[in-house]
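Student: structural data only, the sequence is not supplied:
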């Protein structure tokens, strides 16, 4: 079964960790069918800045933020030269069955189907979930720069990390590091999602193998 992994743009802030993650994902893809969706990162931050400064429309900001994901995907391809870079879900599926890691550039898919609302409630988290559901993926892994979802800001004292949480709870309580729209997609598509620190590739491997580790599992019910 396919696993979609979103590589969060925040991971580009630590070059050595990002390169190590990319190398490990190439290795993992030999045993597990993996398809990568890039986050927006600094590229999307520029869009947010322009949105606030120039008051550009929600529709244009949405499209610019998706193109930011494409730009991050090009960056990832430069690191993972063995990976297939594609706009096509079909090509990504074919590659994954041959043990080839693929990176999907989402712009053509999202512009053509336009399935999500145009607002900052929707980020690369929700776009990755939509792509994962379109691929009929078994799992969606959101590789970020945090260990999982916490009861409050993890920099504060007296907080705890959820080992698992329901999408319904996330929908009601707005906790942490995933976008506001993501739980709706997980519930609608009955998709299981994991939030994990991408600086520790072994944790991603354990998710692929169905083993416990430090991460948060989001159940779709």
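Tutor: Okay, I see it. These figures come from a predicted structure and were not determined experimentally.

Student: helix or strand: which one has the nearest residue to residue 111 once chain neighbours are set aside?
Tutor: Leaving aside its sequence neighbours, residue 111 sits nearest to residue 63 (Cβ to Cβ, 6 or more residues apart in numbering; 6.8 Å). Every C-beta, even on glycine, is put in place using the N, C-alpha and C of the backbone. If you go by DSSP states H and E, residue 63 is part of helix 58-79.

Student: could you check that helix and say which residues are buried?
Tutor: 61-73, 75-77, 79 (16 or more other Cβ atoms under 10 Å).

Student: can you pull the phi/psi pair for residue 188?
Tutor: Backbone torsions of residue 188, given as degrees, to the nearest 10, read phi -60, psi -40.

Student: mind checking how far it is from residue 176?
Tutor: Going from residue 188 to residue 176 by Cβ to Cβ, to the nearest Å gives 21 Å.

Student: ranges for the strands of this protein?
Tutor: Assigned by DSSP state E, the chain shows strands spanning 3-7, 34-38, 84-86, 102-104, 139-144, 164-166, 192-197, 216-219.

Student: of all those, which one comes closest to residue 13?
Tutor: The closest of those to residue 13 is strand 139-144. By Cβ to Cβ, the value is 11.4 Å.

Student: so how far is the closest one off the chain centroid?
Tutor: Counting by Cα atoms, centre = their mean, to the nearest Å, strand 139-144 is centred 5 Å from the centre of its parent chain.

Student: name the residues of it that come out as buried.
Tutor: 139-144.

Student: helices or strands up against the helix holding residue 63?
Tutor: helix 15-28, strand 34-38, helix 41-54, strand 84-86, strand 102-104, helix 107-113, helix 124-134 (3 or more Cβ pairs under 8 Å, 6 or more residues apart in numbering; DSSP states H and E).

Student: contacts for the second one?
Tutor: Think strand 34-38. 2-7, 9, 25, 28, 69-70, 72-73, 75-76, 83, 92-93, 96, 101-106, 124, 127-128, 131-132, 135, 137, 208 (Cβ atoms under 8 Å, 6 or more residues apart in numbering).

Student: and that strand with strand 139-144, angle?
Tutor: 40 degrees (axes from the mean of the first three to the mean of the last three Cα atoms, to 10 degrees).

Student: parallel or antiparallel, which strands does strand 34-38 pair with?
Tutor: Applying DSSP bridges, strand 34-38 is found paired with strand 3-7 (parallel), strand 102-104 (parallel).

Student: neighbouring contacts of stretch 124-137?
Tutor: 1-4, 6, 8-9, 35, 37-40, 44, 65-66, 69, 89, 92-93, 104, 106, 109-110, 115-116, 139-140, 142, 178-179, 181-182, 185-186, 189, 191, 193.
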